[in-house]
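1. model this:
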Amino acid sequence: MAEALVIIPTYNEIENVGRIIKNVFSLQRDFHILIVDDGSPDGTGDKVKEIQQDYPDGLFLLERTGKLGLGTAYIQGFKWALQRSYRYIFEMDADFSHNPNDLIRLYNACSKGNAHLAIGSRYVTGVNVVNWPMSRVLLSWLASKYVRWVTGMDIHDTTAGFICYKREVLEKINLNKIKFVGYAFQIEMKFKAYLLKFKIEEIPVVFTDRTNGTSKMSKGIISEAIFGVIKMKFKSLFKKYEISQDD
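-> Residues are numbered from 1 along each chain as shown. As a prediction, this is how the structure comes out:
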């Protein structure tokens, strides 16, 4: 059995899901894939079932009843992984904004290096984003700067969603107490890992905006990130802020 699992949430990704699966399985390192599909009306889930015939031992599918949010998709995926023997659990988008080849670099940072959590970072060596309008680049960059300032985390890309977790990080964090469901989920997970003093390393990657399908970004997601971070930091100042399974 592979020791690494790549979790890929999907909603209307039929144009990308087949290619991303085949790209991951073509890597020299052995990865398993878990697709968490939120009832995509375009038939993404059915496409995955079709592809499973080619990868019966390495491709898995969790089907949900509707669009329930990125955070809950990952939480369900994490719990699925922890019920099995995976040592390294990854987050990755389906739309090729994250280069599958970089999975190996994140894996090496955790398996050969001393990182507990490796982040595929857009901003650790400048701004490495392709095909985004300048307004969105600026918004994302400023959001990460803002989160870093509020939380005190020494992380350049605090909103990144391309991540490798060592198993012990997800075992320690109380996944049932993760509050955010949108992109602020990414911030909350990093913040709790930071408070638990896990070693976090940023690996520079080039982020390329999707060429197929549509973006899931919305004003509500941005608002959650901006105002949720302040609330999260405030709560962390008190002992009742639940971080780990032991709290």
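2. Who's the closest spatial neighbour of L62, skipping the chain neighbours?
-> V36 (4.7 Å; Cβ to Cβ, 6 or more residues apart in numbering). (C-beta placed from N, C-alpha, C; glycine too.)
3. quick one: E15 from A94, how far?
-> According to Cβ to Cβ, to the nearest Å, E15 and A94 sit 9 Å apart.
4. Compare these two (neighbour count), which wins?
-> Neighbours per residue, other Cβ atoms under 10 Å: of E15 and A94, the larger number sits with A94, 25 against 17.
5. ok, back up a step: SS state for the residue nearest to L62?
-> strand (DSSP: H, G, I helix; E, B strand; the rest coil).
6. I'd say it and V6 touch.
-> No - between V36 and V6 there is no contact under Cβ atoms under 8 Å: 11.2 Å.
7. Just want to know which of the two has more residues nearby.
-> V6 (28 against 24).
8. Where does the prediction get shaky in this structure?
-> Applying pLDDT under 70 to the chain flags residues 210-225, 239-242, 247.
9. one more time with 90
-> 1-2, 66-69, 126-146, 159, 179-184, 209-247 (pLDDT under 90).
10. Could you pull up the residues touching G77?
-> By Cβ atoms under 8 Å, 6 or more residues apart in numbering, the residues touching G77 are I7, P9, L34, V36, L62, I89.
11. Helix or strand: which one has the fifth one?
-> This points to L62. In this structure, L62 sits in strand 59-63 according to DSSP states H and E.
12. right, and the helix or strand after that strand?
-> helix 70-82.
13. thought D209 was touching V137?
-> No - D209 is beyond contact range of V137, at 9.9 Å (criterion: Cβ under 8 Å).
14. Just say helix, strand or coil for W132.
-> Applying three-state DSSP: W132 is coil.
15. Could you report the neighbour count for it?
-> Neighbours around W132, by other Cβ under 10 Å: 17.
16. can you check the one 3 residues further on too?
-> Neighbour count of S135, defined by other Cβ under 10 Å: 8.
17. What are the phi and psi values at it?
-> For S135, the backbone dihedrals (degrees, to the nearest 10) come out as phi -60, psi -40.
18. How about T72: what's its closest non-neighbour residue?
-> Nearest non-adjacent residue to T72 (Cβ to Cβ, 6+ apart): V181, at 5.6 Å.
19. The nearest residue to H116 once chain neighbours are set aside and L82, how far apart?
-> Residue nearest to H116 in three dimensions, not counting chain neighbours: F198, with 3.9 Å by Cβ to Cβ, 6+ apart. Separation of F198 from L82 (Cβ to Cβ) stands at 16 Å.
20. ok, what's across the strand from I119?
-> Note on I119: beta-bridge partners I163, E202, judged by DSSP bridges.
21. Please verify my assumption that it contacts D157.
-> Yes - I119 sits in contact with D157 when judged by Cβ under 8 Å, with a separation of 6.1 Å.
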